[in-house]
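J.: build me a model:
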Amino acid sequence: MTGKCAMSAAAIRELIPDVYIIPGGTNVGVIRVKDESGCTLYLIDSGGSEKDARNIEAILNAHFRSWHLRAIINTHSHADHTGGNAYFTEKTKCEIWMPYLEKGSVENTLLQSSIAWGGFPLPELRVPYYVPAHCEATRVIRAEECVELTDGKKIRFIALPGHYFEMLGVMCKTPDGKSAFFAGDAVFGRSVIAKFSIPFMIDIFSFSDTLEKLRSVRADRYVPSHGEAVTRIDETVEMNQIAVLQTISCIMKILKKKPHTAEELLTEVANANGISMKLAQYVLIGCTLRSFLTCLYEKGRITYEIVDNKMLWRAL
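T.: Numbers count the residues shown, from 1 in each chain. Okay, here's the model as predicted:
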């Protein structure tokens with residue numbers, strides 16, 4: 001593929017030999033395999049839209065000669081990670097690799113916004129931010145599966161559930177032992193946690209277990225999908241763990257005062273965290289909050305009752 005670059009090639013950074021990051025709202029990983037005709041590339045996620053995909057393509061054109069895109073490896077199915085899939089599959093005929101429980105969301109694209117909304121989504125939620133362009137997953141990838149590339153690099157997939165149903169991290173190791181780990185949304189960077197104190201998660205138990213698991217993952221570079229690449233993961237993990245604990249503490253403090261509906265609780269939690277909600281925050285934080293309620297209910301720390309046709313949550 002050829003073409004002039006709309007963005008500077010400096011927008012791509014090498015993490016370890018032949019493994020790169022294209023920083024952005026959603027970081028995109030690039031793995032290069034050199035061959036006689038030029039190089040074969042693998043992308044880790046594809047951005048959030050066709051516009052993102054075109055920008056990624058321009059960066060690749062500026063940095064690599066005669067490249068061929070073999071596959072996009074999606075860590076999970078959220079639209080900001082899969083929004084460029086359709087463009088690249090149409091343009092390059094590349095494969096789409098994805099965890100089994102995630103592929104339904106790119107094949108039935110209204111699932112994501114329907115889950116977050118809790119019903120058929122509003123028109124404002126049927127837009128690319130929530131609804132990726134339709135594509136077909138051509139290969140199901142599974143935890144601990146290992147793929148050896150033709151130049152000796154190895155890609156291993158690591159289970160990181162919690163943020164969504166079956167997210168997988170991507171570990172790429174070179175023949176000389178260097179490694180880069182793409183963690184998807186299992187952990188959020190310092191700047192992201194500072195801005196969004198309650199990141200989206202579907203399963204609080206699994207998200208917390210995954211954070212602890214990340215401490216044992218060894219790599220030279222760690223790449224959260226949102227935030228800065230780092231050489232140590234412990235501090236970033238701890239910041240995310242604190243965010244989870246602070247949200248639990250906030251919920252419990254509110255419910256100890258008096259019972260609340262989930263909607264009343266959402267307002268109180270947002271106010272306590274200084275969050276001014278628009279529709280996006282209302283939907284995503286609201287979905288996350290209900291996941292926290294499930295977690296705390298299963299732990300026996302809260303309970304609910306139906307009073308006057310209202311579901312009221314209270315602390316135990």
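J.: for the residue sitting nearest the centre point of the chain, give me its contacts.
T.: When the chain is reduced to its mean C-alpha position, the nearest residue by Cα atoms, centre = their mean turns out to be Asp185, at 3.4 Å. With contact taken as Cβ atoms under 8 Å, 6 or more residues apart in numbering, Asp185 is in contact with Thr75, His76, His78, His81, His163, Tyr164, Met167, Pro199, Phe200, Pro224, Ser225, His226. (Glycine included, C-beta is placed from N, CA and C.)
J.: swap in Glu50?
T.: For Glu50, the residues meeting the contact criterion (Cβ under 8 Å, 6+ apart) are Gly83, Gly84, Ala86, Tyr87, Ala133.
J.: any idea how far it lies from Leu168?
T.: Computed with Cβ to Cβ, to the nearest Å, the distance linking Glu50 and Leu168 is 24 Å.
J.: not counting sequence-adjacent ones, nearest residue to Phe181?
T.: Excluding its sequence neighbours, the residue lying closest to Phe181 (Cβ to Cβ, 6 or more residues apart in numbering) is Ala219, at 3.8 Å.
J.: quick one on the thing from earlier: what pLDDT does the residue nearest to the centre of the chain get?
T.: The predicted structure scores Asp185 at 98 on the pLDDT scale.
J.: could you report the separation of it from Glu264?
T.: 28 Å.
J.: next one: Tyr129
T.: For Tyr129, the distance to Glu264 - Cβ to Cβ - is 27 Å.
J.: would you map the helices across the protein?
T.: Shown for the chain, the helices assigned by DSSP state H span residues 50-63, 79-82, 85-92, 100-107, 111-117, 190-195, 204-214, 234-257, 262-272, 279-298.
J.: export the ones you listed to CSV and tack on mean pLDDT and distance to Phe181?
T.: Below are these laid out as CSV (pLDDT from 0 to 100; distance: least, Cβ to Cβ, whole Å):
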stretch, mean pLDDT, distance to Phe181
helix 50-63, 96, 20
helix 79-82, 96, 16
helix 85-92, 96, 22
helix 100-107, 93, 19
helix 111-117, 94, 25
helix 190-195, 89, 17
helix 204-214, 97, 9
helix 234-257, 97, 12
helix 262-272, 97, 32
helix 279-298, 97, 25
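J.: buried deepest among those, which one?
T.: Ranked by mean neighbour count, these are led by helix 79-82 with a mean of 26 (mean count of other Cβ atoms under 10 Å).
J.: pull the residues that contact it.
T.: With Cβ under 8 Å, 6+ apart, helix 79-82 has contacts from 25-26, 45-48, 74-75, 106, 112, 128-132, 135, 184-185, 225.
J.: where's the residue nearest to Phe181 relative to Arg126, distance?
T.: From Ala219 across to Arg126, the span is 38 Å (Cβ to Cβ).
J.: so for those two, which sits in the more crowded spot?
T.: Using other Cβ atoms under 10 Å as the criterion, Ala219 and Arg126 rank with Ala219 on top: 22 against 16.
J.: ok, now how distant is that one from Thr231?
T.: Separation of Ala219 from Thr231 (Cβ to Cβ): 9 Å.
J.: Ile254 now?
T.: 39 Å.
J.: His81 now?
T.: Shown here: His81 relative to Thr231, a distance of 24 Å by Cβ to Cβ.
J.: what is the nearest residue to Tyr297 once chain neighbours are set aside paired to in the beta sheet?
T.: Among residues not flanking Tyr297 along the chain, Thr303 sits closest, at 6.6 Å (Cβ to Cβ, 6+ apart). In this structure, Thr303 bridges to Arg314 when assessed by DSSP bridges.
J.: isn't Thr303 right next to Arg314, touching?
T.: Yes - distance between Thr303 and Arg314: 6.4 Å, which falls inside the contact criterion (Cβ atoms under 8 Å).
J.: quick one, phi psi at the residue nearest to the centre of the chain?
T.: Backbone torsions of Asp185, given as degrees, to the nearest 10, read phi -100, psi 30.
J.: now Gly227
T.: Torsion angles at Gly227 (phi, psi; degrees, to the nearest 10) stand at phi 130, psi -170.
J.: isn't it up against Gly189?
T.: Yes - counting by Cβ under 8 Å, a contact exists between Gly227 and Gly189, whose distance comes to 1.3 Å.
J.: any common contacting residues for the two?
T.: Thr236.
J.: picking up where we left off before, which residues does the residue nearest to Tyr297 contact?
T.: Taking Cβ under 8 Å, 6+ apart as the contact definition, Thr303 lies against Tyr297, Trp313, Arg314, Leu316.
J.: and the closest residue to Val283 other than its chain neighbours, how far from Tyr129?
T.: In space, not counting the residues next to it along the chain, Val283 is nearest to Ala116; the distance is 5.0 Å by Cβ to Cβ, 6+ apart. Taking Cβ to Cβ as the measure, Ala116 and Tyr129 are separated by 11 Å.
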